[in-house]
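S.K.: 3D, please:
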Amino acid sequence: MNSDKIPDHDDRLDSEDSTTINEQSTDDKDEDNNIPDGGQGWAVVAAGFLSQFIMFGTSNIWGLFAQAQAETVFKGRASTTALMSVGSMYTLVTFGLTPIATMLADRFGARTTFALGGILMTLAEFLSACATEVWHLYLTQGVLFGFGSAISYMAMSCVIPQWFSKKRGAAMGIISAGAGLGGLAESSMVGIVIDRYGIPWAFRSIGFLSLLFCGTSIFLFKERVPRKRSKDSPIKSPIKLSTFNSSNFIIWIAAAAFAVTASSPPLFYLPKYAASVGVSTATSSNLMGIHSAVSSVGRFAVGYIGDKIGRINAFIIATTMAGLCCFLLWPFATTYNSLLCFVIVWGSVSHTYYSLSAPITASIVDKNDIASAFGIVFVVSSVASAGVPIATIIESASPSGLGYLSVQMFSGALSMCAILVCLILRTKLAKGRHFSAI
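M.R.: Sure thing, here's the model as predicted:
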């Protein structure tokens, strides 16, 4: 089989491809040809929505915690920038440990792994409430919450293709919308709780919310095709080197790395930048909430549109808009209203990678390599953890008064790089069909 050909996971494989056929049982073929594209799969989508409500909803508002802690608990001991690096640690762990998450799911089942992730995320929030040193937060919010997110996210990503094919983009869009709505709800809640009861209770409030949402999601989560491997079987690495035989896949992970790294600096810098232009902490919370709301709509919309016009096409359009926002809107957002405009437009298109990544990956690799491809893509996505530290270095090295402008240009340039690489991928896949849905 040509590894650069877009696999069609809905149709039976050609009889000429004897190698692939010999690797599959008759039952596997029947299961693949009967993907329901709905039914109980929507309950699984609801489970993913609730999980991402906590998972990425919490990480999306970390800038609020960093700003508040720099001004209170760690005043004089840690800067906002140092505390923002906790969010970078979370990103590194979440995406970097996905191969381990895949091995756990392979050994113990996706549902058990998904449940463990929810438990770890909940525990991390209650432990974060007890943090008295910055390194405590690196361990709780960065490592523990990040690992819980990794295994929950990977379990969900591997199960959704069992339930959806033609509607896979819409399903992942709904799941990803949980991150936006989570950020919206948590930003308002955290802002109020910090003002009235302090930062520890803000962490605890998220912990109780996580207990409810993650607990519910565990009951809704179900594998359609459970793994048949014995628990006594040796654990093997999910990463197959043969996955790299596809040049299309290599191009895609390069585009993914640029796109996901570009989305980090604006999100984490938003509260700090807002304070620099005279926006109060309470108003910054509102901006973060608005960002999360429009992000939720954008993730679903792009996932749905991707099913219609092609997921790579949708990715290119959304990433182009995100880059232009960093070049043309953010540098001139020096008042609340102009900053609000940037937040609405950029927020609606900046995180669509998370709703399109899994469907795009599944569409360009062979069915038997999907789990391996997911693991590789998520590990590569961990480079996003370097986005904020690099942006911080660029800001510090810039001439006085140009620090934020340098960060804005850095984010925009990364988006443009993602677009250029993805255009190469689209050209290879289109094979002269310039207006096709890819």
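S.K.: ok, residue 242 - how many residues close by?
M.R.: 12 (other CB atoms under 10 Å). Where C-beta positions appear, they are placed from N, C-alpha and C, glycine not excepted.
S.K.: with adjacent residues omitted, what lies nearest to it?
M.R.: Distances taken as CB to CB, 6 or more residues apart in numbering put residue 369 closest to residue 242, at 7.0 Å, once the chain neighbours are dropped.
S.K.: what residues are up against that neighbour?
M.R.: Residue 369 makes contact with 240, 242, 243, according to CB atoms under 8 Å, 6 or more residues apart in numbering.
S.K.: what of residue 380?
M.R.: Residues counted as contacts of residue 380 (CB under 8 Å, 6+ apart) are 95, 253, 256, 257.
S.K.: buried only: go through these for me.
M.R.: Among the contacts of residue 380, those buried by neighbour count (16 or more other CB atoms under 10 Å) are 95, 253, 256, 257.
S.K.: helix or strand right after the host helix or strand of residue 219?
M.R.: For residue 219, the host element (DSSP states H and E) is helix 199-220. Once the chain leaves helix 199-220, the next helix or strand it forms, by DSSP H and E, is helix 247-262.
S.K.: what helices or strands is that next one leaning on?
M.R.: Packing partners of helix 247-262 (3 or more CB pairs under 8 Å, 6 or more residues apart in numbering; DSSP states H and E): helix 311-328, helix 353-364, helix 370-381, helix 403-430.
S.K.: among those, which is the most enclosed?
M.R.: helix 353-364 (a mean of 25; mean count of other CB atoms under 10 Å).
S.K.: mean confidence for that one?
M.R.: Taken as a whole, helix 353-364 carries a mean pLDDT of 83.
S.K.: and if you look at stretch 110-118?
M.R.: Taken as a whole, stretch 110-118 has a mean pLDDT of 91.
S.K.: low-confidence regions, this structure specifically.
M.R.: Residue ranges of the chain with pLDDT under 70: 1-33, 227-237, 432-438.
S.K.: domain assignment for it?
M.R.: Per the record, the chain has its domains at 38-226, 238-437, by the TED database.
S.K.: work out the gap between the longest one and the centre of the chain.
M.R.: What it means is domain 238-437. Offset of domain 238-437 from its chain centre (CA atoms, centre = their mean, to the nearest Å): 10 Å.
S.K.: what residues are up against the nearest residue to residue 422 once chain neighbours are set aside?
M.R.: The shortest distance from residue 422 to any non-neighbouring residue, by CB to CB, 6+ apart, is to residue 255 (4.2 Å). Listed by CB under 8 Å, 6+ apart, the contact partners of residue 255 are 315, 418, 421, 422, 425.
S.K.: ok, now residue 344?
M.R.: Residue 344 makes contact with 290, 294, according to CB under 8 Å, 6+ apart.
S.K.: repeat the analysis, applying 6 Å as the threshold.
M.R.: Residue 344 makes contacts with residue 294, as judged by CB atoms under 6 Å, 6 or more residues apart in numbering.
S.K.: picking that back up, what's the most distant pair in the contacts of residue 380?
M.R.: Greatest spacing in the contacts of residue 380, by CB to CB: 95 and 253 (11.8 Å).
S.K.: if we ignore the residues flanking it in sequence, what's nearest the spatially most central residue of the chain?
M.R.: Here the mean C-alpha position of the chain is nearest to the C-alpha of residue 354 (CA atoms, centre = their mean), at a distance of 4.3 Å. Spatial nearest neighbour of residue 354, chain neighbours left out: residue 176 (4.8 Å); criterion: CB to CB, 6+ apart.
S.K.: I'd assumed residue 300 was in contact with that neighbour.
M.R.: No: with contact defined as CB atoms under 6 Å, residue 176 and residue 300 do not form a contacting pair (7.2 Å).
S.K.: what secondary structure does residue 351 sit in?
M.R.: Put simply, residue 351 is coil when judged by DSSP: H, G, I helix; E, B strand; the rest coil.
S.K.: phi, psi of the residue nearest to residue 148 when sequence neighbours are not counted?
M.R.: Leaving aside its chain neighbours, residue 148 sits nearest to residue 120 (3.1 Å; criterion: CB to CB, 6+ apart). Dihedral angles of residue 120 (phi, psi; degrees, to the nearest 10) stand at phi -70, psi -40.
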